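Engineer: predicted structure and sequence below. I'll ask about it afterward.
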Amino acid sequence: MCFKNTTCILSLFLSILLGVGAGVALFFGALPVIVGLPLLVFLTAASALVGFSFLLGMNRHSVCICRYGRCILIGSFFSIILSAISRVLTIVVANVGFAVLIALLVAAFFFTIFTFFAFLFCLIKENCCSCCE
């Protein structure tokens, strides 16, 4: 079992900070409303899932899957669900609920991005740098 994964916890902490910052900035009007943000997050999460499943088929016994697999799946699924919810809602800048939804959406987006890049770096280190050691 892989319980020593601090990268997922660090990614979660940083993405929550970025999400809270985006939600506060949206609520106070410092961040303009981006209508395409939920679509961008949806496409990024779907691409991360497709890329993860492709790499999963190539490296089934990789330690990187154990380290980052759950984090990528959780981040991608939450990104897809939150982007679908935010596409349905009416965009009102001064609404606290919408600011919280955008904060969660941005947090899930960055969590997916951070963990997917950590997974890729782990695969590169595992497959390409084993001859260097």
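Structural biologist: Structure's in. What do you need?
Engineer: V100: how many residues sit nearby?
Structural biologist: Under the neighbour criterion other CB atoms under 10 Å, V100 is assigned a count of 15. From N, CA and C alone the C-beta is placed, and that goes for glycine too.
Engineer: which strand or helix spans it?
Structural biologist: Assigned by DSSP states H and E, V100 belongs to helix 96-128.
Engineer: quick one: buried residues of that helix?
Structural biologist: Buried residues in helix 96-128, counted by 16 or more other CB atoms under 10 Å: 98-99, 101-116, 118-119, 122-123.
Engineer: not counting sequence-adjacent ones, nearest residue to L89?
Structural biologist: In this structure, L89 finds its nearest non-sequential neighbour in F98, 6.4 Å apart by CB to CB, 6 or more residues apart in numbering.
Engineer: wouldn't the one you found be in contact with L82 here?
Structural biologist: No - using CB atoms under 8 Å, F98 is not in contact with L82, being 11.8 Å away.
Engineer: on that earlier part again, quick one: average pLDDT of the helix holding V100?
Structural biologist: In this model, helix 96-128 carries a mean pLDDT of 84.
Engineer: common neighbours of F98 and L82, please.
Structural biologist: Contact with both F98 and L82 is made by no residue, according to CB atoms under 8 Å, 6 or more residues apart in numbering.
Engineer: distance of the residue nearest to L89 relative to T112?
Structural biologist: Distance from F98 to T112, counting by CB to CB, to the nearest Å: 21 Å.
Engineer: for the residue nearest the centre of the chain, which non-adjacent residue is closest in space?
Structural biologist: Residue closest to the mean C-alpha point of the chain, counted by CA atoms, centre = their mean, is T112 at 1.7 Å. Closest residue to T112 apart from its sequence neighbours, by CB to CB, 6+ apart: G75 at 3.6 Å.
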